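Student: here is my input, please return the structure:
(4 chains)
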There are 2 protein chains.
Amino acid sequence: MRVLNPNISVDCVVFGYAESELKVLLIQRDASIANDRSLLSWSLPGDLIQDDEGLDDAAHRVLQELTTLDNVYLKQFGAFGDPARVKKPSDKIWLQKTRDYPEARVITVAYFALVNIMQFEPHPSNFAVDVQWLSFKDLSHDLAFDHEEIIQKGIEALRREIDVSPIVYNLLPPKFTLSQVQELYEVISGENYDKRNFRKKILAKDILKPLDEWQKGVSHKPAQLFELSE
Amino acid sequence: MRVLNPNISVDCVVFGYAESELKVLLIQRDASIANDRSLLSWSLPGDLIQDDEGLDDAAHRVLQELTTLDNVYLKQFGAFGDPARVKKPSDKIWLQKTRDYPEARVITVAYFALVNIMQFEPHPSNFAVDVQWLSFKDLSHDLAFDHEEIIQKGIEALRREIDVSPIVYNLLPPKFTLSQVQELYEVISGENYDKRNFRKKILAKDILKPLDEWQKGVSHKPAQLFELSE
DNA sequence: CCAAAAGTGTTATCCGTACACCCATGC
DNA sequence: GCATGGGTGTACGGATAACACTTTTGG
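Tutor: Residues are numbered from 1 along each chain as shown, chains lettered A, B, ... in the order given. Purely as a prediction, here's the structure:
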């Protein structure tokens, strides 16, 4: 297929939440073309934009191929196009193997996505030989291209967003406890909140519905479960 | 000059402030190539990105060419790439006249800029036959491409920013009155503020320095002038 | 003297924060 | 019965919001 915009891509910073940690979904590019292990650095899922495709559509497509999920929360948070973003030798090699114009700098439009980590099983796809949830707090420092910077900007965008919009519930299962919500807010913001004040504030928003269900199998007082209203 | 990214541009929403109104700097594309008046719709200043140029650099360059100003406050606020963004016949003609790949959709990275409107005189340049400050509140509805949407998104980004960062002073002359500051905040946000509370809040930020100078030639009590500290 | 905008303080209300104890469960 | 996290209310302080009159100047 002919691509008229050979050097514009989208990349998705897919956030998940498990084991009290924020996770990022990263892939390993298919290096079989090179049989070169150095190409196996982790990178963000992304793809070139197709000619007839909007930016949001491209991001949704990437996510759909990777996770089989539709209707994922996605938000554009920036475009990255530093000419120096391709500085690692392994990145250069990879571009030469896969791109029509390897010498052209690629400009990428970045999105962050929020998914409930239980909703799918990461599996290799046609553009990724390996797919894994990596813990945000100990991400390796040799991600491909400038993906480390993009992830950093992504979490900053996420932090700005959670105060103003109830998007964090995309990271939780349909039924959750208030302590889970609090812990999630704490992990994202890096701050600790007082339990009573947090519950007061979050219930005042009037978007949570208490259920007649409680945690089971925990060796302490079971917590009540909630869901998003409507 | 060969451009490896023939279809990525930057566009700048340049805001200015005069006569108690927010203004946007718009240009008219050079239509001499077509002798076609329909190409004379207003559009945002912008240009294709050069191969060796970062996105921010490209935006600064566009602004520099247009205003002769360096060091302008610039902030990226979004990328736009709807395939339907080229829907007006006049836009299509213009692309055919000026682009190597007119059939390719152009993706643009948008910036907003804040300038003191007195700092330069708009003048035609090599890419604009006319340059004018147009009042934001009565912008025409047939701007080129999706520039109307971009401007709308630009002011939303500006609104988000003014609460958190003292960037509005970029729109004012070096010396200003508190009433000017208040009016500017009101124009941008669309809200009205109480005079006493506003002054209290803004002086509490401790970034304004009162001068030993007062307004002259006004037929009422002259206001004290302030400047940004440091 | 009149019009027009500058300048100034106090009070009430709301919101964020700090803080400690009892409860239900599994083992 | 003990360890573990669940669940609850109140009091304080700071920030925000409401509000009206006097001052200075030009015409």
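
Student: only C-alpha atoms for contact and neighbour calcs from this point on.
Tutor: OK.

Student: near DNA strand D, which residues of chain A are found?
Tutor: A:177-179, A:195-197, A:219-225 (C-alpha under 7 Å from any atom of the strand).

Student: please name the nearest non-neighbouring residue to A:Pro173.
Tutor: A:Asn116 (6.1 Å; C-alpha to C-alpha, 6 or more residues apart in numbering or on different chains).

Student: how near is the one you found to B:Ala110?
Tutor: Relative to B:Ala110, A:Asn116 is positioned 32 Å away (C-alpha to C-alpha, to the nearest Å).

Student: the two: which has the busier surroundings?
Tutor: Counted by other C-alpha atoms under 10 Å in any protein chain shown, A:Asn116 and B:Ala110 do not tie: B:Ala110 has more neighbours, with 30 against 18.

Student: tell me which element that one falls in.
Tutor: strand B:107-114 (DSSP states H and E).

Student: over to A:Leu26?
Tutor: Per DSSP H and E: strand A:21-29 holds A:Leu26.

Student: next one: phi and psi at A:Ser219?
Tutor: When read as degrees, to the nearest 10, the backbone of A:Ser219 gives phi -90, psi 50.

Student: and the pLDDT at A:Arg37?
Tutor: For A:Arg37, the pLDDT comes out at 59.

Student: what sits against the residue nearest to A:Pro173?
Tutor: A:16-17, A:170-173 (C-alpha atoms under 8 Å, 6 or more residues apart in numbering or on different chains).

Student: and the helix or strand following the strand holding A:Leu26, average pLDDT?
Tutor: Per DSSP H and E, strand A:21-29 leads on to strand A:42-43 as the next helix or strand towards the C-terminus. Averaged over strand A:42-43, pLDDT sits at 90.

Student: which strands and helices sit next to the next helix or strand after strand A:42-43?
Tutor: Going down the chain from strand A:42-43, the next helix or strand is strand A:46-48, by DSSP H and E. In this structure, strand A:46-48 packs against strand A:8-18, helix A:55-67, with contacts taken as 3 or more C-alpha pairs under 8 Å, 6 or more residues apart in numbering or on different chains; DSSP states H and E.

Student: now do the shortest one against strand A:107-114, angle only.
Tutor: In this case it means strand A:8-18. On the basis of axes from the mean of the first three to the mean of the last three C-alpha atoms, to 10 degrees, strand A:8-18 is oriented at 20 degrees to strand A:107-114.

Student: the helix or strand of chain A at the bottom of the mean pLDDT ranking close to chain B?
Tutor: Here the helix or strand of chain A ranked lowest by mean pLDDT, DSSP states H and E is helix A:89-98, holding a mean of 81. No: residues of helix A:89-98 are not located near chain B by C-alpha under 8 Å from any C-alpha of the partner chain, the shortest gap being 14.4 Å.

Student: that older thread, closest to chain B out of the residues of chain A next to DNA strand D?
Tutor: Nearest to chain B among the residues of chain A next to DNA strand D, counting by C-alpha to the nearest C-alpha, is A:Asn197 at 24.4 Å.

Student: can you tell me the helix or strand for that closest one?
Tutor: helix A:195-204.

Student: what's in contact with the helix or strand that comes right after that helix?
Tutor: Following helix A:195-204 in sequence order, the next helix or strand is strand A:208-214 (DSSP H and E). Applying C-alpha under 8 Å, 6+ apart, the contact partners of strand A:208-214 are A:222-229.

Student: need those residues in JSON lines with pLDDT, neighbour count and distance to B:His141, can you?
Tutor: Listed next are the contacts of strand A:208-214 as JSON lines, based on pLDDT from 0 to 100; neighbours: other C-alpha atoms under 10 Å in any protein chain shown; distance: C-alpha to C-alpha, whole Å:
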{"residue": "A:Pro222", "pLDDT": "98", "neighbour count": "13", "distance to B:His141": "58"}
{"residue": "A:Ala223", "pLDDT": "98", "neighbour count": "16", "distance to B:His141": "55"}
{"residue": "A:Gln224", "pLDDT": "98", "neighbour count": "17", "distance to B:His141": "53"}
{"residue": "A:Leu225", "pLDDT": "98", "neighbour count": "20", "distance to B:His141": "50"}
{"residue": "A:Phe226", "pLDDT": "98", "neighbour count": "20", "distance to B:His141": "46"}
{"residue": "A:Glu227", "pLDDT": "98", "neighbour count": "18", "distance to B:His141": "43"}
{"residue": "A:Leu228", "pLDDT": "97", "neighbour count": "14", "distance to B:His141": "40"}
{"residue": "A:Ser229", "pLDDT": "93", "neighbour count": "9", "distance to B:His141": "39"}
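
Student: if we check DNA strand C, which of those residues are in contact?
Tutor: Counting by C-alpha under 7 Å from any atom of the strand, A:Pro222 from the contacts of strand A:208-214 sit close to DNA strand C.

Student: pick out the most distant pair among the contacts of strand A:208-214.
Tutor: The distance between the two most remote of those (C-alpha to C-alpha) is 21.6 Å, for A:Pro222 and A:Ser229.

Student: if I pick A:Ile117, what's in contact with it?
Tutor: So A:Ile117 contacts A:16-18, A:171-172 (C-alpha under 8 Å, 6+ apart).

Student: ok, of the residues you listed, which come out buried?
Tutor: Among those, those classed as buried by 16 or more other C-alpha atoms under 10 Å in any protein chain shown are A:16-17, A:171-172.

Student: and the residue lying closest to A:Tyr193 once chain neighbours are set aside, how many neighbours?
Tutor: Ranked by C-alpha to C-alpha, 6+ apart and with sequence neighbours excluded, the top spatial neighbour of A:Tyr193 is A:Glu186, at 7.1 Å. By other C-alpha under 10 Å, 15 other residues sit near A:Glu186.

Student: then A:Pro83?
Tutor: 17.

Student: need the contact list for it.
Tutor: A:105, B:51-54.

Student: need the worst-confidence member of these.
Tutor: Minimum pLDDT across the contacts of A:Pro83 falls on A:Arg105, with 76.

Student: list the buried ones in the least confident helix or strand of chain A?
Tutor: Neighbour count says helix A:89-98 has A:90-91, A:94-95 buried, by 16+ other C-alpha under 10 Å.

Student: how about stretch A:128-142?
Tutor: A:128, A:130-136.

Student: looking at those residues, spot the one nearest B:Ala144.
Tutor: A:Ala128 (39.8 Å).

Student: so that closest one makes contact with A:Ser41?
Tutor: No: the pair A:Ala128 / A:Ser41 is not scored as a contact, 11.3 Å apart, by C-alpha atoms under 8 Å.

Student: anything in contact with each of the two?
Tutor: With C-alpha under 8 Å, 6+ apart, A:Ala128 and A:Ser41 have common neighbours A:28-29.

Student: name the residues of chain A found near chain B, please.
Tutor: Checking chain A against chain B by C-alpha under 8 Å from any C-alpha, the hits are A:4-8, A:51-55, A:76-83, A:101, A:104-105, A:109.
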